[in-house]
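In: my questions concern the predicted model and sequence given below.
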Amino acid sequence: MGKHDHSDKHLDHEGSSRRVQAIRRMRRIQRMRRERHTRRLATAGLITAVTTGAVLAAVTGQVSEAKADRATESFDLTQVSWPADTVVEETAVQRDTAQSALDLGVDAEADKQALDEAQAEAQAEAERVAAEEAAAAEAQAEAEAAKPDWVSPSDDHISSTFGQRWGRLHAGVDFANELGEPIVAVGDGTVTYAGWMAGYGNLVVIDHGNGVETAYGHGSEILVDVGEDTDPGEEVLLTGNTGNSTGPHLHFEVRIDGEQVDPLPWLEEQGVVPAENDED
Ligand SMILES: [Zn+2]
């Protein structure tokens, strides 16, 4: 049993030695092939063809070399059994390797072109988005600028103007709104009164600053609270028939430093002409 072990070991040792020699030979061949391969790449101008970037060339070279190594490994197995075929095989491997490198070069070139196109597309897209955003910002700025500072409290026609009426001052204008129609704030301001007041019924008063106040009377319902800020066109009251009123309508007043003034000239000064009054 011991003897057999020895002889097995001896045989193993001889086998190992042959394998080591074979491996060394294969490595030498591989090294030579790699050198030739590199020379071929350089001579054929593939590196310059492939590269407009050094990184791309390096990657391509590595991939080609790895492919060549794999080709060599499979070839080496063949070589052990049929050494006579070496030249033929090697030529085939070299041709394949060269073709692989060429293909890789072509692929890399195509990849680079695709990358360039993608980058150009992304750039164009970014520029388009930026242009759109700029246009949107401009449109918004224009809309803000176009947004009126003042509007008419009602789109309905005027049924009674400012002035003396039956021996006393009618201190505002009446708009012939129907019951429940919304009435809007004429401008930016703050609600200073929102409730019942004798004669006015349900009344909203808005302070616009600079001594300017507007008042909206006879409402059926008040839609705002005292202290609330208003925007031009914001609904503050629903038309009603409350207080000293003979039918549903809006009584609208403008007060400058506490004094009631004719609302129509004042509205016109603000660039506002009530819709049903603009033929005048
Ligand atoms: Zn009135």
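Out: In hand now; what should we look at?

In: what parts of this protein come near the ion?
Out: Residues of the chain lying close to the ion by CB under 5 Å from the ion are 172, 174, 251. Every C-beta, even on glycine, is put in place using the N, C-alpha and C of the backbone.

In: so the second one sits right up against residue 159, yeah?
Out: Yes - with contact taken as CB atoms under 8 Å, residue 174 and residue 159 are classed as touching, separated by 4.8 Å.

In: quickly list what's touching both of those two.
Out: Each of residue 249 lies in contact with both residue 174 and residue 159 under the rule CB atoms under 8 Å, 6 or more residues apart in numbering.

In: show me which of the two is the more surrounded one.
Out: Applying other CB atoms under 10 Å to residue 174 and residue 159 shows that residue 174 carries more neighbours, namely 22 against 14.

In: show residues contacting the host helix or strand of that one.
Out: Assessed by DSSP states H and E, residue 174 sits inside strand 173-175. Residues from elsewhere that reach strand 173-175 (CB under 8 Å, 6+ apart): 153-154, 156-162, 183, 249-252, 262-264, 274.

In: excluding its backbone neighbours, what's nearest the residue in the stretch 1-150 of the chain positioned nearest to the ion?
Out: Nearest to the ion, among the residues of the stretch 1-150 of the chain, is residue 150, at 20.1 Å (CB to the ion). Distances taken as CB to CB, 6 or more residues apart in numbering place residue 270 nearest to residue 150, at 3.8 Å, with adjacent residues excluded.

In: can you select the buried ones from the contacts of strand 173-175 in ChimeraX?
Out: Only the buried entries of those go into this ChimeraX selection, using 16 or more other CB atoms under 10 Å:
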select :153,154,156,158,162,183,249,250,251,252,262,263,264,274
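
In: among the contacts of strand 173-175, name the ones in strands.
Out: 158, 159, 160, 183, 250, 251, 252 (DSSP state E).

In: wait, the first one sits on residue 172?
Out: Right, residue 158. No - using CB under 8 Å, residue 158 is not in contact with residue 172, being 10.4 Å away.
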